[in-house]
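Undergrad: sequence first, predicted coordinates after that:
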Amino acid sequence: MKKGIAVFATALVLTLGMTWYNAAEAQAKKGQKGFIVGTVIDLATYGMKGQIEEVAAAHKTRIEQGFPVGILEDETGEIWVCVFRNSAPASHLETGNHKLEEFAAKKVVCQGLKYESKNLNVIRFSTVSEY
């Protein structure tokens, strides 16, 4: 009897968990296609120093070392964290570093899916080129 109740309780918890997970996934934000024009920055250097031109070499070095990379948008001043998704099946999100390191401290146009929230903006970019 106790074993039957335990099995029933486990099945109930799993069913409720899957229902909640599916509902949360359905409510997840969808990315909006768009583009950004701005300067490629290393988030740590920009956060500590604030300037870009004076420390361009530091931005490049830290992006090559794997520090988080972003784009400081010209129009709004917003910072967009950059992630990249390989088009191969079952690929995972990657940092955008290896695609953006050559553009460190340079103005670019970046196209992809934009995810905006109150305190953080992310772009899952597909193409980037110097502006």
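TA: Arrived safely, thanks for sending.
Undergrad: switch to C-alpha atoms for all contacts and neighbour counts from now on
TA: Will do.
Undergrad: quick one: residues contacting the nearest residue to residue 120 once chain neighbours are set aside.
TA: Computed as Cα to Cα, 6 or more residues apart in numbering, the closest residue to residue 120 that is not its neighbour in sequence is residue 80, at 7.5 Å. Residue 80 sits next to 70, 71, 72, 73, 120, 121, 122, 123 when contact means Cα atoms under 8 Å, 6 or more residues apart in numbering.
Undergrad: for residue 80, helix, strand, or coil?
TA: strand (DSSP: H, G, I helix; E, B strand; the rest coil).
Undergrad: from here on, call the first residue 55.
TA: With the count now opening at 55, the last piece we talked about shows up as residue 134.
Undergrad: I'd like the distance between it and residue 94.
TA: Per Cα to Cα, to the nearest Å, residue 134 is found 9 Å from residue 94.
Undergrad: could you do residue 180 as well?
TA: Distance check for residue 180 against residue 94: by Cα to Cα, it reads 15 Å.
Undergrad: shouldn't residue 127 be in contact with residue 133?
TA: Yes - A contact is recorded between residue 127 and residue 133 when judged using Cα atoms under 8 Å, the distance being 6.2 Å.
Undergrad: show me which of those two is the more surrounded one.
TA: Applying other Cα atoms under 10 Å to residue 127 and residue 133 shows that residue 133 carries more neighbours, namely 21 against 18.
Undergrad: quick one: mean pLDDT for stretch 165-183?
TA: Average pLDDT, stretch 165-183: 92.
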